[in-house]
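[1] Fold the following, please.
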Amino acid sequence: MPRKHGTHSAEELCETGSAVYARALDAGRVRTEEAEEAPCLVDFGLLHPDVHDLRWLRPVAPRAALPRLLRTIEDRIAEQRDREEKLTAALEPLMALDAQLSTAPDGTPAITVLDGFERINSAIDRAMGEAREEFLAVQPGGTRPPEALAEALPRDQDLLSRGCRMRTLYQHTTRHSLPVLGYFEQLDGDAEARTLDEVTDRLFVFDRTVAFIPACKDRRLALELRHPALVEYFATTFWRLWRLATPMWPQAAPQLSENGVTPRQRAIAGLLVEGLTDAEIATRLGMNVRTARVHIAKLAATLGSGSRAQLGYLIGQSGILDTPR
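    Take a look at the predicted model:
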């Protein structure tokens, strides 16, 4: 049974084909069954059937076969060049558009990937040093580490001293953080902070000119954005969240409970009716699971619930989610 023959081009004549072709040239012919292991010889026109006896194949002289095979290669090259020309013609009109999208008006890249904390912090420091009007920041999660606040204080104060305004949006778990409150007490300038139950991921916007967002969960990658449409989008998103947020500094708005349900429990109630688990609720609200469960237990006690399923029903019946915040 003939062995399986792999596909190859004429310029890569297989070992079996070379051997059979050499025998055919030496003897003037070769039996058809001998060439079955090298069908490439017939495909490339190096062997052809003997018209007087089909049991044999006769070789084509190399000097006659070579020009024809070269023309085949030249035809393939011409075909590829034709495809190149068509592809260039199709994409060339879009290259100008790509240049507009990939660069900001001042010629800087519209999107830059920053790899590593050192490069990310350096780019943020540079943007902060160039800011002249405002700095908008979203800081999700819990309280800020005291050492991080101490490191940021001189930089933030320098920005405020230049007449910039600073607006920071925290998650609610930062609301009564003594390190954060102490940090704002040390600042001299137009600085305000508010809190929300849920915020977006970390976001910095400077002068509506450049924005920074994380590009992975561990924050080791970030994007520096300078495309006007993108930066404006993030700035607009910030101010919409800001209007929904609760003032924290310089004057904190009172957090009053209504019908025995605190604002935090009301936020948790909304997530409970969505079907979220305790862990998912904790993640969304920037708190640990234990704290979330304490709030859930207090909410259940307030509403008189004896089970998770009943709690969801009682939340819907109580109307607490319809209460203005």
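
[2] In contact with residue 280, which residues?
    By Cβ atoms under 8 Å, 6 or more residues apart in numbering, residue 280 lies in contact with residue 271. The way it works is simple: take the backbone N, C-alpha and C, and place the C-beta from them, glycine included.

[3] can you do 10 Å?
    271, 274, 289, 292 (Cβ atoms under 10 Å, 6 or more residues apart in numbering).

[4] what does residue 297 give?
    305, 311.

[5] A strand includes residue 213, no?
    Yes. Under DSSP: H, G, I helix; E, B strand; the rest coil, residue 213 sits within a strand.

[6] can you tell me how far it sits from residue 207?
    Using Cβ to Cβ, to the nearest Å, residue 213 is found at 16 Å from residue 207.

[7] same deal with residue 140?
    Distance from residue 140 to residue 207, by Cβ to Cβ: 23 Å.

[8] Same check on residue 50?
    In terms of Cβ to Cβ, residue 50 sits 85 Å off from residue 207.

[9] before we move on, what about residue 190?
    14 Å.

[10] same question, residue 279
    Relative to residue 207, residue 279 is positioned 39 Å away (Cβ to Cβ).

[11] do the same with residue 176
    31 Å.

[12] So for those two, which sits in the more crowded spot?
    Each of residue 176 and residue 207 has its neighbours counted (other Cβ atoms under 10 Å); residue 207 has more, 16 against 13.

[13] I figured the more buried one was touching residue 134, is that so?
    Yes. With contact defined as Cβ atoms under 10 Å, residue 207 counts as touching residue 134 (6.3 Å).

[14] and for those two, which residues touch both?
    Common neighbours of residue 207 and residue 134 (Cβ under 10 Å, 6+ apart) are 164, 235.

[15] Spit out the contact partners of residue 248.
    168-170, 172, 174-177, 180-181, 184, 192-195.

[16] Generate the ChimeraX command that creates a selection of the buried members of the residues you listed.
    The ChimeraX command for the buried members of the contacts of residue 248 (criterion: 16 or more other Cβ atoms under 10 Å) is given here:
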select :168,169,170,172,174,175,177,180,181,184,192,193,194,195
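
[17] So which of the contacts of residue 248 is the closest to residue 23?
    Among the contacts of residue 248, residue 169 lies closest to residue 23 (Cβ to Cβ), at 83.4 Å.

[18] Parallel or antiparallel, list what pairs with whatever helix or strand the closest one lives in.
    Assigned by DSSP states H and E, residue 169 belongs to strand 165-171. Here strand 165-171 has these sheet partners by DSSP bridges: strand 134-139 (parallel), strand 190-196 (parallel).

[19] May I have that strand as CSV, with CA atoms only?
    What follows is strand 165-171, C-alpha atoms only, in CSV (Å, rounded to 0.1, in the frame of the first residue of the first chain):
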residue,chain,number,x,y,z
ARG,A,165,-10.0,72.5,42.5
MET,A,166,-9.9,68.9,43.7
ARG,A,167,-13.0,66.7,43.9
THR,A,168,-12.7,63.2,45.2
LEU,A,169,-15.5,60.6,45.2
TYR,A,170,-15.1,57.7,47.7
GLN,A,171,-17.0,54.6,48.5
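
[20] distance between that strand and the chain's centre?
    Relative to the chain's own centre, strand 165-171 is displaced by 25 Å; criterion: Cα atoms, centre = their mean, to the nearest Å.
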